[in-house]
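Student: generate coordinates for the sequence data below:
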Amino acid sequence: MNNIVIGTSGWSYKDWLNVFYTSSEKMFQQYASVFKTVEVDSSFYNQPNLGLMRAIARSSPKGFVFSLKVPKTVTHVKLMDLEKGAMRDLKLFLSVLTPLKEGGKLGPLLFQLPPKPAEAFKGFHDFLESLPEGYDFAVEFRHPTWMNDEAFRVLSETNVGYCIVDEPLLSALLKVTGGFSYVRFHGRGKRPWYYYDYRVEELSEWKERLEELSSKAEKVYVYFNNHFRGYAVKNALQMMKIVGTAETPQEEALNKILSYFGEEGLRRTVSRVEAALSSGEKNVEKLVSAFLEGGRLERARELAGRVVIEEAGEENVKARVKEYTVAISLSERRLKHYCEDWVKRIGQKQFCKHVAALFLAMKPEESARILSLICRNLDNWVFETEAGKS
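Tutor: Have a look, this model is predicted:
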């Protein structure tokens, strides 16, 4: 899958400092030392100037690719209507991209449509037929009325790429309508979508999909738009590792990011545990919640009825949760378990859904007793893995 390039939407974010960047200066240079492509998001809001395009063309490494969002005057104000002057605005935009194009660093140009029905774009077909040659264009739909054979036929006939999205609104249809494929990961959060950290399992679902796109398209461009707190760089690097394109710089950057999130996660756990202790909390769900993040409590509730407790003594507890084993030794202060999520969370002293489900399934007074002991001696408890998956 050497024809897959992965990056993020934008690079200049203050909350990436310490997560990814070591300094607030020369952010782009730091970004380009790890990634080989970026999607320029700022061009959507304001027409870029020629000086900036010359600067990034000059300062970027050889082979680096810039994809850019077309200004919203074309898509949102003039609705890609020739009679309203949308093509004039597009050509003005293209004129400032000359340094990138001449330097072989210009990637696809994305028309991100507003969340309006297809009927609002009366001149859509005529506009695409009038697009200048020599550029790769892609369209991102943001309304369900576009998801039909006619819309995809128009894209194919005009050789315009379809932007595949991972988001709550539209499903991810693996359509290739141009010579390339364009994929955007917006996140699966609620308000907003972009405040979302993809789990490795969710990213892994895309391995076969990207393999399929790679076999159908000359090149596959993948961009993560979930920029909050550095989630985009983390997920982009994880995806590179999943598809096998990560090399030493990407591996090192990912390890640094995971270490940062691990330390930050541990601080959050300690804070919640301290709050539970100070309040004298005895409610099992609230005690368990001190060790959980990201909707795991709800999933633990669903699993609680499937817990089989095999041993429940004063010093030892052992149970099976589906095909997984959970073992607790109070004398040794050890909590043993194995699943992929547990492996990721033990450095943060957090529970996965299986461990949480055990505590929810136990007798409330016994569960509260053990949880209180863990809370009071968190530093001395060891969360570890074992070959407990059978």
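
Student: shaky segments in the protein?
Tutor: For the chain, the stretches flagged by pLDDT under 70 are 387-390.

Student: OK, contacts around the residue of it positioned farthest from its centre?
Tutor: Centroid-distance maximum for the chain: residue 314 at 43.2 Å, with Cα atoms, centre = their mean. Neighbouring residues of residue 314 by Cβ atoms under 8 Å, 6 or more residues apart in numbering: residue 330. To be clear about C-beta, it is placed using only N, CA and C from the backbone, and glycine gets the same treatment.

Student: and what about residue 280, helix, strand or coil?
Tutor: Residue 280 carries the three-state label coil when classified by DSSP: H, G, I helix; E, B strand; the rest coil.

Student: count of neighbours near it?
Tutor: 7 (other Cβ atoms under 10 Å).

Student: residue 54 too?
Tutor: Residue 54, neighbours per other Cβ under 10 Å, totals 15.

Student: check which helix or strand covers the nearest residue to it once chain neighbours are set aside.
Tutor: Sequence neighbours aside, residue 99 is the residue nearest to residue 54 in space, at 4.6 Å (criterion: Cβ to Cβ, 6 or more residues apart in numbering). Using DSSP states H and E, residue 99 sits in helix 98-102.

Student: quick one: the strands in the stretch 201-350 of the chain?
Tutor: 219-224, 307-312, 316-321, 324-329, 334-337 (DSSP state E, counting those that start in this stretch).

Student: hey, which of the ones you listed is tucked in deepest?
Tutor: strand 219-224 (a mean of 25; mean count of other Cβ atoms under 10 Å).

Student: counting by contacts, list what it packs against.
Tutor: When contacts are defined as 3 or more Cβ pairs under 8 Å, 6 or more residues apart in numbering; DSSP states H and E, strand 219-224 packs onto strand 4-8, strand 37-40, strand 65-69, strand 180-185, helix 206-216, helix 231-243.

Student: can you rerun that using 10 Å?
Tutor: The helices and strands touching strand 219-224, judged by 3 or more Cβ pairs under 10 Å, 6 or more residues apart in numbering; DSSP states H and E, are strand 4-8, strand 37-40, strand 65-69, strand 106-112, strand 161-166, strand 180-185, helix 206-216, helix 231-243.

Student: the ones you listed: which one's closest to residue 153?
Tutor: Across the helices and strands packed on strand 219-224, residue 153 has its closest neighbour in strand 161-166 (11.2 Å, Cβ to Cβ).

Student: partner strands of the closest one, parallel or antiparallel?
Tutor: strand 137-140 (parallel), strand 180-185 (parallel) (DSSP bridges).

Student: ok, which of these comes nearest residue 26?
Tutor: Nearest to residue 26 among these is strand 180-185 (26.1 Å), distances taken as Cβ to Cβ.

Student: surely residue 379 is in contact with residue 349?
Tutor: Yes - using Cβ atoms under 10 Å, residue 379 is in contact with residue 349, at 9.0 Å.

Student: common neighbours of these two, please.
Tutor: residue 270 (Cβ atoms under 10 Å, 6 or more residues apart in numbering).

Student: which one's more surrounded, those two?
Tutor: Between residue 379 and residue 349, residue 349 has the larger neighbour count (other Cβ under 10 Å), namely 21 against 8.

Student: return the residues in contact with the residue lying closest to residue 102 once chain neighbours are set aside.
Tutor: Distances taken as Cβ to Cβ, 6+ apart place residue 57 nearest to residue 102, at 8.0 Å, with adjacent residues excluded. Contacts for residue 57 were tallied using Cβ under 10 Å, 6+ apart; they are 64, 66, 97-106.

Student: which among those residues gets closest to residue 46?
Tutor: For the contacts of residue 57, the residue nearest residue 46 by Cβ to Cβ is residue 97; the value is 14.3 Å.

Student: any idea how far residue 130 is from that closest one?
Tutor: 18 Å (Cβ to Cβ, to the nearest Å).

Student: higher neighbour count, these two?
Tutor: Between residue 97 and residue 130, counted using other Cβ under 10 Å, residue 97 has the larger neighbour count: 21 against 14.

Student: count the neighbours of residue 92 for me.
Tutor: Neighbours of residue 92 (other Cβ under 10 Å): 14.

Student: what helix or strand is it located in?
Tutor: helix 86-95.

Student: identify all contacting residues around that helix.
Tutor: Residues from elsewhere that reach helix 86-95 (Cβ under 10 Å, 6+ apart): 43, 47-48, 50, 53, 68-75, 77-82, 85, 101, 106, 109, 111, 123, 126-127, 130-132, 134-135, 137.

Student: report the distance from that helix to the chain centre.
Tutor: 32 Å (Cα atoms, centre = their mean, to the nearest Å).

Student: report the buried residues of it.
Tutor: Buried residues in helix 86-95, counted by 16 or more other Cβ atoms under 10 Å: 86-87, 89-90, 93-94.

Student: and the angle from it to strand 65-69?
Tutor: Taking axes from the mean of the first three to the mean of the last three Cα atoms, to 10 degrees, one finds helix 86-95 and strand 65-69 inclined to each other by 150 degrees.

Student: between helix 86-95 and strand 106-112, how many degrees?
Tutor: Using the same axes, to 10 degrees: helix 86-95 against strand 106-112 is 150 degrees.

Student: now do the same contact list for the closest residue to residue 10 other than its chain neighbours.
Tutor: Using Cβ to Cβ, 6+ apart and skipping residues adjacent in sequence, the residue nearest residue 10 is residue 41, 4.3 Å away. Shown in contact with residue 41 (Cβ under 10 Å, 6+ apart): 8-12, 67-69, 110, 112, 223, 225, 227.
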